[in-house]
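[1] let's see this in three dimensions:
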Amino acid sequence: MAPPTAVLTAKAPKPIPQLSQAVKYNGMVYCSGSLGVDPETSKFVEGTVKERTRQALKNLSAVLEAAGSSLNNVVKVNVFLTDMSNFAAMNEVYDEFFVSQPKPLPFHSDVEVECTAFETTKARL
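    Residues are numbered from 1 along each chain as shown. Reported below is the predicted structural model:
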């Protein structure tokens, strides 16, 4: 099995030296968090959360393309908002990029919660 490979493209903001835009491993692409930063200016795009969401998703798309993938291959997305009143605006832009039909939650629930944790005795930081 090939070792993990860092992904770097000039079409997305340059990461700080300790990080990468993504890592490819075992047929998967693990993208780092993307902000609404213009890769040409290294500054946040002006406007509302919609413009910054659009830029963040364009950046992710460029990274995925550089890794030999695309937004069509995305299997999981995490979105972090500092203000939930921005959710509807962010979601409008999200729908521009991820156009597949929404799937209902199990048993037609209106909420589902997910998390990731580590085993206390096995984790090594």
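[2] now do the SS call for A89.
    helix (DSSP: H, G, I helix; E, B strand; the rest coil).
[3] count of neighbours near it?
    A89 has 15 neighbours, counted by other Cβ atoms under 10 Å. (C-beta placed from N, C-alpha, C; glycine too.)
[4] contacting residues for it?
    Shown in contact with A89 (Cβ atoms under 8 Å, 6 or more residues apart in numbering): T48, V49, K50, T53.
[5] just among these, which is most surrounded?
    Of these, with other Cβ under 10 Å as the count, T53 tops at 24 neighbours.
[6] report the buried residues of the helix or strand where it lies.
    If you go by DSSP states H and E, T53 is part of helix 49-66. Going by neighbour count (16 or more other Cβ atoms under 10 Å), the buried part of helix 49-66 is 49-50, 52-64, 66.
[7] cool, and stretch 20-32?
    For stretch 20-32, by 16+ other Cβ under 10 Å, it's S20, Q21, A22, V23, K24, V29, C31.
[8] quick check: the second one vs V45, distance?
    Taking Cβ to Cβ, to the nearest Å as the measure, Q21 falls 18 Å from V45.
[9] what about the helices in this structure?
    For the chain, helices defined by DSSP state H occupy the ranges 49-66, 87-97.
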